[in-house]
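Asker: please work out how this folds:
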Amino acid sequence: MAQHVEGPLYYERMGRTGPVIAFIHPNPMDQSCWIFQMAHLSTWYRCIAIDIPGYGRSPKADPGLTMEDLADACWEAIDDALPGETAVLVGCSTGSAISPFMYHRRPDKTAAMILCGTGYTPGKEFAKRRIAAYTANGIDYRWAYTFEDLSPAFRATPLAHYFANLFSERNELADLDSILHQFRALQMPEPEGHHERIACPTIILTGSEDGTHQNAFALQERIPNCQLKVLPGAGHACQIEQPWLFNRLMIEFLAKHNLFPRRPKPAVGMV
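Answerer: Numbers count the residues shown, from 1 in each chain. Predicted structure coming up:
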């Protein structure tokens, strides 16, 4: 079992045939933030969306939690659902930080990585800010934090409020201390060559309105042969705001690397 995690992680599955895609969510959301990707990609893939410790319906984390612990726990969820399988790893924000650790734990089982809501920020000041905000406001901070992950235009929509309510309605199942342990793990420096030693196909999908957008280019430079695509007008959680474009870019990337089960057809009316 993964260290500093109080039991197996909760996950949802969709799709009965095809290769495996594992989705790892951002803070303050849970696995439901991948609803549009699960519904679409399960046409061709076996999809698994995981709640990391302290979120959704997953167990708590203990003091001393590390990024390696989070990576091990996510792999254990994949093993439980789909034993022995190779997986494409898809992460947003915290999920994008966990995914490279998952790669280094099992490079032979990582087919590719698709990262969004991410960038290279050596000072990691964001973790200190989030620890302070959660400490001051408690678990209810998740509702307001959801809107910070969205572009200004999307924040005003009923769908943005739907997602904020969806995540915060699960606050009674979430655990504040676990979330704080996660941010302390995120504060720790990465091992030497952490990004430079990534050898699987990797792409960064970045929203132009994401606060980390400019940092995404710095991360691209650190990962060998990494692609980058911009979703114009999208924020941090670009997979929620523009699923039609996000999914298309995912499929194009997977097809390019022979990881799509069959040749994708152009979507009707898609630009």
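Asker: going by C-alpha atoms from here, please, whenever you check contacts or count neighbours.
Answerer: Fine.
Asker: helix, strand or coil for the residue most central in space within the chain?
Answerer: What sits nearest the mean C-alpha location of the chain, by Cα atoms, centre = their mean, is Gly91, with 2.4 Å. Assigned state for Gly91: strand (three-state reduction, DSSP: H, G, I helix; E, B strand; the rest coil).
Asker: who does it form a beta bridge with?
Answerer: Ile24, Leu115 (DSSP bridges).
Asker: ok, it to Ala174 distance?
Answerer: Gly91 sits 20 Å away from Ala174, going by Cα to Cα, to the nearest Å.
Asker: and if you look at Pro19?
Answerer: Taking Cα to Cα, one finds Pro19 at 31 Å from Ala174.
Asker: and these two? Which one has more around it.
Answerer: Comparing Pro19 with Ala174 by other Cα atoms under 10 Å, the one with more neighbours is Ala174, at 22 against 19.
Asker: so what's that one up against?
Answerer: 54-58, 139 (Cα atoms under 8 Å, 6 or more residues apart in numbering).
Asker: which of those residues tops the neighbour count?
Answerer: Neighbour max across the contacts of Ala174 (other Cα under 10 Å) = Tyr55, 28 neighbours.
Asker: phi, psi of that residue?
Answerer: Tyr55 has phi and psi values of phi -120, psi 160 when expressed as degrees, to the nearest 10.
Asker: any low-confidence regions in the chain?
Answerer: 263-271 (pLDDT under 70).
Asker: ranges for the strands of it?
Answerer: 11-14, 20-24, 46-50, 87-92, 110-116, 202-207, 227-231 (DSSP state E).
Asker: now do the same contact list for the nearest residue to Ala185 once chain neighbours are set aside.
Answerer: Nearest non-adjacent residue to Ala185, counting by Cα to Cα, 6 or more residues apart in numbering: Thr66, 4.9 Å away. Taking Cα under 8 Å, 6+ apart, we find Thr66 in contact with 4, 182, 185-186.
Asker: give me that answer again for 10 Å
Answerer: 3-5, 72, 181-188 (Cα atoms under 10 Å, 6 or more residues apart in numbering).
Asker: among these, name the buried ones.
Answerer: With burial judged by 16 or more other Cα atoms under 10 Å, the buried subset of the contacts of Thr66 is 3-5, 72, 181-187.
Asker: of the residues you listed, which belong to helices?
Answerer: Taking DSSP state H as the definition of helices, the buried ones among the contacts of Thr66 contribute 72, 181-187.
Asker: any chance of those in TSV, with distance to Gly95 too?
Answerer: Formatted as TSV, those follow (distance: Cα to Cα, whole Å):
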residue	distance to Gly95
Asp72	13
His181	15
Gln182	11
Phe183	12
Arg184	15
Ala185	13
Leu186	11
Gln187	14
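Asker: pick the one among those closest to Arg129.
Answerer: Ranked by distance to Arg129 (Cα to Cα), those are led by Phe183 at 9.7 Å.
Asker: assess the claim that the closest one and Asn27 are in contact.
Answerer: Yes - using Cα atoms under 10 Å, Phe183 makes contact with Asn27 at a distance of 9.5 Å.
Asker: list residues touching both of these two?
Answerer: Contacts common to Phe183 and Asn27, judged by Cα under 10 Å, 6+ apart, are 94, 130.
Asker: how much space separates Trp143 from Ile98?
Answerer: Trp143 is 23 Å from Ile98, by Cα to Cα.
Asker: of the two, who's got more company?
Answerer: Remark: of Trp143 and Ile98, Ile98 carries more neighbours, 26 against 20, as counted by other Cα under 10 Å.
Asker: hmm, Phe183 and the more buried one touching each other?
Answerer: No - counting by Cα under 10 Å, Ile98 stays clear of Phe183, with 11.8 Å between them.
Asker: shared neighbours, the two?
Answerer: Contacts common to Ile98 and Phe183, judged by Cα under 10 Å, 6+ apart, are Met67.
Asker: and the contacts of Thr66, which is closest to Pro232?
Answerer: Closest to Pro232 out of these is Leu186 (27.6 Å), distances taken as Cα to Cα.
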